[in-house]
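A.B. asks: Pasting a predicted model and its sequence here:
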Number of protein chains: 2
Amino acid sequence: MGRTPPHPEVSQFDLQQVLEALVDPVRRSIVAQLDASDADIPCGGFDIPVSKSTATHHFNVLREAGLIRQHYVGTSRMNSLRRAEMDEVFPGLLDALTRQPAKKT
Amino acid sequence: MGRTPPHPEVSQFDLQQVLEALVDPVRRSIVAQLDASDADIPCGGFDIPVSKSTATHHFNVLREAGLIRQHYVGTSRMNSLRRAEMDEVFPGLLDALTRQPAKKT
DNA sequence: ACCAAAGTACGACCGATGTCAAACTTCGAC
DNA sequence: GTCGAAGTTTGACATCGGTCGTACTTTGGT
C-alpha cells in the first residue's frame, strides 16, 4: 500500500468537483486545519468527529478534487494543502472559505 | 399569493447554507445569469433545464440562503442578486464562483 | 365573469452521499 | 518473525436532495 495515490493535474481541476468537496463541513475542517498548519499532517492527526474509514473517504474526495496532496511516510499518510495550485485555478476561493466566518449568536 | 416571502438578514447568513446553495450547477447558473444581468429577472426568464416546480425549489433555496431577493410584479416573481450583502459577509466568494472557469478540452 | 399565464404546494421517486463496523494490508519496532 | 499502529476496503444502511407531474392559487387581460 506504499504506492502514492493518483493526483489530478492543475489542468484537470474542476469547479464542480471542488465545490462538492468543500461543501462538507468535515472536509472544510480538514482544509482549514491544513491551511493553519505549516507542516504536513498525517490522516490520524486531524481533529474530526468521524471514524477512520469515513476519514479515509473524506481524504480521497479531497485528493481527487485536487485540494490536498498525499504521500506516505512509513505507515502514515501525510497530507498537505495544494494552496498555490488552487489559487491559480480558482483565485479567491480558498481565501473566502478559510477566512472562517465568526458564527455570531 | 402576492405576499413577499421571508428573506434572511445579513446577520443570519450562514456559510454552510450558502455553499449548499451554490454547489448545485442549476443554482450557480441562476446566480451567474443574475450576476450578468443589470435588471431583475422573473423566474420564468432563466435558461435552466428543469421543470417549473423544480425551479421553484431552486429559487427557494437561493432565497433562504440569502443569495437572491424576490418580489412580485403582477403574477411574475422577480429575482435579483444580493451581491453587495454577500460580498460583505463572504468577501471574494461570489467573485471566485462567477468568474466562470473556461472549461477546456 | 372567464381564461390563460406564472408560480406554488404536495407527493412520490431515486440516485448520491455520509456514516459505520469488520476484516484486511503494510510498515516499523522490538 | 511477531505485534501493534495506521490506513484501506468492502458492504450495508440511512438520509438527503434534485427531479417530476398534477393539482391548486393568484393575477391580469378581455
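C.D. replies: Yep, it's here.
A.B. asks: so what's the residue in chain A that DNA strand D sits nearest to up against?
C.D. replies: In chain A, the residue that lies nearest DNA strand D is residue A:44 (2.6 Å; CB to the nearest atom of the strand). In short, each C-beta sits where N, CA and C put it, glycine included. By CB atoms under 8 Å, 6 or more residues apart in numbering or on different chains, the residues touching residue A:44 are A:52, A:76.
A.B. asks: mind checking how far it is from residue A:51?
C.D. replies: From residue A:44 across to residue A:51, the span is 12 Å (CB to CB, to the nearest Å).
A.B. asks: Where do the strands of chain A begin and end?
C.D. replies: Taking DSSP state E as the criterion, chain A contains strands spanning A:41-42, A:68-73, A:76-81.
A.B. asks: residues making contact with the second one?
C.D. replies: Translated: strand A:68-73. The contact list for strand A:68-73 (CB under 8 Å, 6+ apart) reads A:1-2, A:4-5, A:7, A:30-31, A:34, A:42, A:59, A:62-63, A:77-82.
A.B. asks: average pLDDT across that strand?
C.D. replies: Strand A:68-73 comes out with an average pLDDT of 96.
A.B. asks: partner strands of that strand, parallel or antiparallel?
C.D. replies: In the sheet, strand A:68-73 lines up against strand A:76-81 (antiparallel) (DSSP bridges).
A.B. asks: Pull out the buried positions in the partner strand.
C.D. replies: Within strand A:76-81, the residues that count as buried by 16 or more other CB atoms under 10 Å in any protein chain shown are A:77-79, A:81.
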